[in-house]
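Student: what's the 3D shape of this:
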Amino acid sequence: MRDAQESRPAEPPVHVAIIMDGNGRWAKARGLPRTAGHKKGVEAVRRTVEAARELGVGYLTIFSFSSENWRRPEEEVSDLMGLLRFYLRSEIAELHKAGVRLRVIGERSRLSPDIVRLIENAEELTGANTTMTLVVALSYGSRQEIVLAARRLAEEARAGRIDPAAIDESALTARLFTADIPDPDLIIRTSGEQRLSNFLLWQSAYAEFVFTDTLWPDFTKRDLEAAIEEFHRRERRFGATTAGSR
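Tutor: Just a heads-up that it's a prediction; the model follows:
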């Protein structure tokens, strides 16, 4: 008879982060404008949030718009901001009903005031929810995040509020956008690309990576389950060794 512990389903990773890639290629393959791919990508976000919640994931972070994405054509950026407004207006009530807390990380100073208000209202509405936390990385770049954290530490040291000799990893971590969010256990990137693209560089030091050829608009619960299954096949040592390993 198998031990009861062996037969118990593996716990899902606490924090899953996803680099959503492939909207443009999805649209191009169908002879459609890039906007059509982005709209389908929003549907994939809806499916994935629901799937992650059903699977028991505690934190889901999605990379929705990077600092570098501001360099895209003005029309495409405008379309993406329009989709963001639509999402914040149409989806928040459902997220709240499902017990999902929304957090947005990134440089809000570059966003239009109405979008910032929508974000603040959504975060306030869902702030006490505990089923799952959805973290949206928006106008986000990890190098910029680290620079801002380092600048805060420098200003605090100059003001005498912190001893430079006391600055360590935890001090910098506490000044990142993600200060109250656990580091990701699993990072998924869709569309076959295999790079981080300035996403959670500090936080991903010991994350497991899964790359899938699936384009983001086609991403389903089964794709998420497959990534989590692959995660459970990994041996996470966090720089240490285990018995029998070299």
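Student: just the helices in the protein please.
Tutor: With DSSP state H applied, the chain shows helices at 4-7, 23-29, 34-55, 74-90, 92-97, 113-126, 142-158, 169-173, 221-233, listed in chain order.
Student: and the second one, what does it pack against?
Tutor: Spelled out, it's helix 23-29. Packing partners of helix 23-29 (3 or more CB pairs under 8 Å, 6 or more residues apart in numbering; DSSP states H and E): helix 34-55. Every residue, glycine included, has its C-beta placed from N, CA and C.
Student: and the helix it packs on, average pLDDT?
Tutor: Taken as a whole, helix 34-55 carries a mean pLDDT of 96.
Student: CA-only coordinates of it in PDB, if you can.
Tutor: In PDB, the C-alpha atoms belonging to helix 34-55 read as follows (Å, rounded to 0.1, in the frame of the first residue of the first chain):
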ATOM      1  CA  ARG A  34      -2.200  43.300 -33.700                       C
ATOM      2  CA  THR A  35      -5.100  44.700 -31.700                       C
ATOM      3  CA  ALA A  36      -7.100  41.500 -32.300                       C
ATOM      4  CA  GLY A  37      -4.300  39.500 -30.700                       C
ATOM      5  CA  HIS A  38      -4.300  41.800 -27.700                       C
ATOM      6  CA  LYS A  39      -8.000  41.400 -27.300                       C
ATOM      7  CA  LYS A  40      -7.700  37.700 -27.400                       C
ATOM      8  CA  GLY A  41      -4.900  38.000 -24.900                       C
ATOM      9  CA  VAL A  42      -7.300  39.700 -22.400                       C
ATOM     10  CA  GLU A  43      -9.600  36.600 -22.700                       C
ATOM     11  CA  ALA A  44      -6.500  34.400 -21.900                       C
ATOM     12  CA  VAL A  45      -5.900  36.500 -18.800                       C
ATOM     13  CA  ARG A  46      -9.500  35.900 -17.700                       C
ATOM     14  CA  ARG A  47      -9.100  32.100 -18.200                       C
ATOM     15  CA  THR A  48      -5.700  32.000 -16.500                       C
ATOM     16  CA  VAL A  49      -6.800  33.900 -13.400                       C
ATOM     17  CA  GLU A  50      -9.800  31.600 -13.000                       C
ATOM     18  CA  ALA A  51      -7.600  28.500 -13.600                       C
ATOM     19  CA  ALA A  52      -4.900  29.700 -11.100                       C
ATOM     20  CA  ARG A  53      -7.600  30.300  -8.500                       C
ATOM     21  CA  GLU A  54      -9.100  26.900  -9.000                       C
ATOM     22  CA  LEU A  55      -5.700  25.200  -8.800                       C
END
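Student: need the contact list for the spatially most central residue of the chain.
Tutor: For the chain, the residue lying nearest the average C-alpha position, counting by CA atoms, centre = their mean, turns out to be residue 61 (2.2 Å). For residue 61, the contact set (CB atoms under 8 Å, 6 or more residues apart in numbering) comprises 15-18, 134-137, 181, 184, 200.
Student: alright, calling it a day.
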